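J.: only geometry, no sequence info:
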């Protein structure tokens, strides 16, 4: 008799974004003429950079010729892309990585979920709160938690509250945790950790033999050159951290699918017998057995992001979105709202006006201003009382959304 | 303290194909002038069909325009592709599927591994022997087995021997099994199950409330119109089977990455409390939480496989490979070798000459004929004494390989 994985039944009904999608569709069905401005799901809107399109076309042509055709590639990615990553994203910032420390994949969402497979079931997972829901949901699905309590928190997980008092960058766990997610620049709060804050995390992980799962999907948005882009800029991080990077937001690849994960060879976990085991070797085994590499034309497209034109064109896209973030932050701020983030990340974290609940404000924003945000509570209980606004939109939509929010809610 | 997943330590050192790669590289390093013909790993060699290349280019262009750009798509795939699949692969064979029963993915390797996540840890897995190594390795990695015995079989798994006596199509398990992999046309033996054989499997699964994981990655190679292409051609299969399909071999997508999995809504598993739970709903939750959909241009390319030109061009590719298979089968057969498969699948399953072991024959074939096959024992203990030859090669290479094998080993 085939029994199901009972852990799935602990999850709330739906993943956050499909739930928002359902409410949006219901609103639009009820108000057929309404032009809803979507600042909810964090999805890019600008077309792919010209350098990326050219690379995609060239790779398509190549694949149509006997000489240029490529079948299965290395599961870990092609060297042409890995070398571009090493040089541009790491060597340029003083971090030396070897080729086989980088694993190209089709998305950080997949990798941050799948990485858990290489850890023992007994590991206790720490997650910031609020946080990208995938960390929590995949931990629950993997059987690493108990049931959800009335506060929405799952028993067995270690929650690290990110709030106004700590600038939305949580301290390392004070109770036992073996594997800890950390996302900076942060989704959803937009906060970016300083070098000193990361150094505290690295010191904690080394002292407790824990592993940090460092999600840097938004590093391309860091403006201040003094802020770290990679956790490996902190000494000792190679012995305690895995880093996730993505082309989704940095180069508009949400529809193309390319990301990568760094698992340093210096990083080990403990076996039951107390020996050390290479996490790089385990992840290699996981990826070669359960993954078949990223589409070749997409890897060529990702490599084109690092060309001179690609770097310039994608930098321009990022500037465009960050100007949106600045407008949201400053104009809504001037209108009396309290906002955070939006400086080193494309998200603005807005305190709900008049103490409204997150979902209440979400629903009213939709009903009264035809603007869709993301309710902070969807990212965890500590997100209650906030709403995330995404800067991924056109300038016109951002300006119009600001105007509508001001009209409907400014006191 | 971060503990590793101990189950990984039960695996043999490497996944089969990387091990073959290592031996090939060592051989080539030792014999710099040798021109090795690779009939080992089952990877296509013909360039992408013109219709596929055009679709890739057109989608790349689209993504470079504000109107045509697409960000995140539905995790389950775009309707334009799902509808083409439903119509061509199923409705045309009398099988009605709904849109939300089809999940587009980046590969059957991923899906056959990941699907296990929706089943309880207590499920006993049945696998044919010999078999595509991913089924066994991913079961072991997920903790569903004990240690490997001296015969290479893992305790706790239920092995179903495929041998000359049963025409390499195993009977359903006679002992308890809850989830059973079945691959037809088969990799590695090339055997294709008849409707009657599949009906026996479906009857077994329904009688025992088991789920069949039906891997039909090679269905495009079935020549006899009377043979089933889908398990859903058998009555009652929607209540007991998940089907995996791939564009890899059917349209040369090994480097592009596109596949799909069918999880009928009539299919349920049991909860611990004895209620029925939809496996479609569980897989939807898994995919929306841990996967972000297939690259948009790749989905357009896959849809182009179903265009009039695409169907004609890919049928021609399949005919080309199957002519290779015929040559291998007939000419090596005429030279005194014993061979199976190669009629409804691009693999020829060759009995090793003079009772040699699989790996011994692999090594000697490489050393004495500069031909790389895949040792049957790499697919499981029951593959001992066989070698898999792949028809994915150029005509010249196949002819030359036949000649070399004949010279070196014909008695």
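T.: Perfect, I can see it now. Everything numeric in this text was worked out from a predicted model, so none of it was measured.
J.: can you pull out the strands in the stretch 251-400 of chain A?
T.: Along the stretch 251-400 of chain A, the stretches classed as strands by DSSP state E, counting those that start in this stretch are A:259-262, A:268-270, A:276-278, A:339-341, A:347-351, A:371-372, A:374-375, A:386-390.
J.: what about the first one, near chain B?
T.: No - Strand A:259-262 lies out of reach of chain B by CB under 8 Å from any CB of the partner chain, never closer than 9.2 Å. Yep, even glycine has a C-beta here, placed from its N, CA and C like the rest.
J.: strand partners of that strand, parallel vs antiparallel please.
T.: strand A:102-105 (antiparallel), strand A:241-246 (antiparallel) (DSSP bridges).
J.: Can you get me a residue count around the closest residue to residue A:351 other than its chain neighbours?
T.: Spatial nearest neighbour of residue A:351, chain neighbours left out: residue A:338 (4.1 Å); criterion: CB to CB, 6 or more residues apart in numbering or on different chains. A count of nearby residues for residue A:338, using other CB atoms under 10 Å in any protein chain shown, gives 13.
J.: and residue B:129, which of the strands paired with strand A:259-262 is closest to it?
T.: strand A:102-105 (30.9 Å; CB to CB).
J.: Which residues of the stretch 301-411 of chain A lie near chain B?
T.: Residues of the stretch 301-411 of chain A lying near chain B (CB under 8 Å from any CB): none found.
J.: In chain A, which helix is the longest?
T.: Longest helix in chain A, counting residues (DSSP state H): helix A:308-334.
J.: I'd like to know which elements that helix is packed against.
T.: helix A:50-63, strand A:339-341, strand A:347-351, helix A:395-409 (3 or more CB pairs under 8 Å, 6 or more residues apart in numbering or on different chains; DSSP states H and E).
J.: Including mean neighbour count, distance to residue B:41 and mean pLDDT, could the strands of the stretch 251-400 of chain A go into a markdown table?
T.: Shown next, in a markdown table, are the strands of the stretch 251-400 of chain A (neighbours: other CB atoms under 10 Å in any protein chain shown; distance: least, CB to CB, whole Å; pLDDT from 0 to 100):
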| stretch | mean neighbour count | distance to residue B:41 | mean pLDDT |
| --- | --- | --- | --- |
| strand A:259-262 | 25 | 24 | 98 |
| strand A:268-270 | 20 | 31 | 98 |
| strand A:276-278 | 16 | 26 | 97 |
| strand A:339-341 | 21 | 48 | 97 |
| strand A:347-351 | 25 | 44 | 98 |
| strand A:371-372 | 23 | 48 | 96 |
| strand A:374-375 | 26 | 45 | 96 |
| strand A:386-390 | 28 | 43 | 97 |
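J.: Can you lay out the ones you listed as a markdown table showing distance to residue B:329?
T.: Formatted as a markdown table, the strands of the stretch 251-400 of chain A follow (distance: least, CB to CB, whole Å):
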| stretch | distance to residue B:329 |
| --- | --- |
| strand A:259-262 | 43 |
| strand A:268-270 | 48 |
| strand A:276-278 | 44 |
| strand A:339-341 | 65 |
| strand A:347-351 | 60 |
| strand A:371-372 | 60 |
| strand A:374-375 | 59 |
| strand A:386-390 | 58 |
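J.: closest one to residue A:142 among the ones you listed?
T.: Using CB to CB, the nearest of the strands of the stretch 251-400 of chain A to residue A:142 is strand A:268-270, at 15.9 Å.
J.: out of the strands paired with strand A:259-262, which comes closest to residue B:167?
T.: Of all the strands paired with strand A:259-262, strand A:102-105 comes closest under CB to CB, at 39.9 Å.
J.: Could you name the helices and strands sitting against the helix or strand following the closest one?
T.: Following strand A:102-105 in sequence order, the next helix or strand is helix A:108-114 (DSSP states H and E). Using 3+ CB pairs under 8 Å, 6+ apart, the elements in contact with helix A:108-114 are helix A:133-141, strand A:211-215, strand A:241-246, strand A:259-262, helix B:279-290.
J.: Other residues contacting the second one?
T.: Looking back up the chat, that one is strand A:211-215. For strand A:211-215, the external contacting residues (CB atoms under 8 Å, 6 or more residues apart in numbering or on different chains) are A:108, A:112, A:115, A:119, A:132, A:135, A:178-184, A:187, A:201-202, A:205, A:231, A:237, A:240-244, A:267, A:269, A:279, B:2.
J.: again, 7 Å this time
T.: A:108, A:112, A:115, A:179-183, A:201, A:205, A:231, A:240-244, A:269, B:2 (CB atoms under 7 Å, 6 or more residues apart in numbering or on different chains).
J.: Show me the one of the strands of the stretch 251-400 of chain A that comes nearest residue B:48.
T.: Closest among the strands of the stretch 251-400 of chain A, using CB to CB: strand A:259-262, at 24.3 Å.
J.: So which bits of the stretch 151-300 of chain A are right by chain B?
T.: Taking CB under 7 Å from any CB of the partner chain as the contact definition, the stretch 151-300 of chain A meets chain B at A:178-179, A:208-211, A:254-257, A:269-272, A:277, A:282, A:285, A:288-292, A:295-298.
J.: Can you flag the buried ones in the residues you listed?
T.: The neighbour-count criterion (16 or more other CB atoms under 10 Å in any protein chain shown) marks A:178-179, A:208-211, A:254-257, A:269-271, A:277, A:282, A:285, A:288-292, A:295-298 among those as buried.
J.: And the strands in the stretch 101-250 of chain A?
T.: Under DSSP E, counting those that start in this stretch, the stretch 101-250 of chain A gives strands at A:102-105, A:125-129, A:158-161, A:179-183, A:211-215, A:241-246.
J.: for those strands, which one sits closest to residue B:397?
T.: Across the strands of the stretch 101-250 of chain A, closest to residue B:397 is strand A:102-105 (CB to CB), at 29.7 Å.
J.: chain center to that closest one: distance?
T.: 16 Å (CA atoms, centre = their mean, to the nearest Å).
J.: List of residues touching it?
T.: With CB under 7 Å, 6+ apart, strand A:102-105 has contacts from A:76-77, A:81-82, A:85-86, A:111, A:258-263, A:283, A:287, A:294, A:299.
J.: Same check on stretch A:283-291?
T.: Contact partners of stretch A:283-291, identified using CB under 7 Å, 6+ apart, comprise A:75-76, A:103, A:114, A:117-118, A:263, B:8, B:11, B:15, B:18, B:109-110, B:113-114, B:134, B:137-138, B:141.
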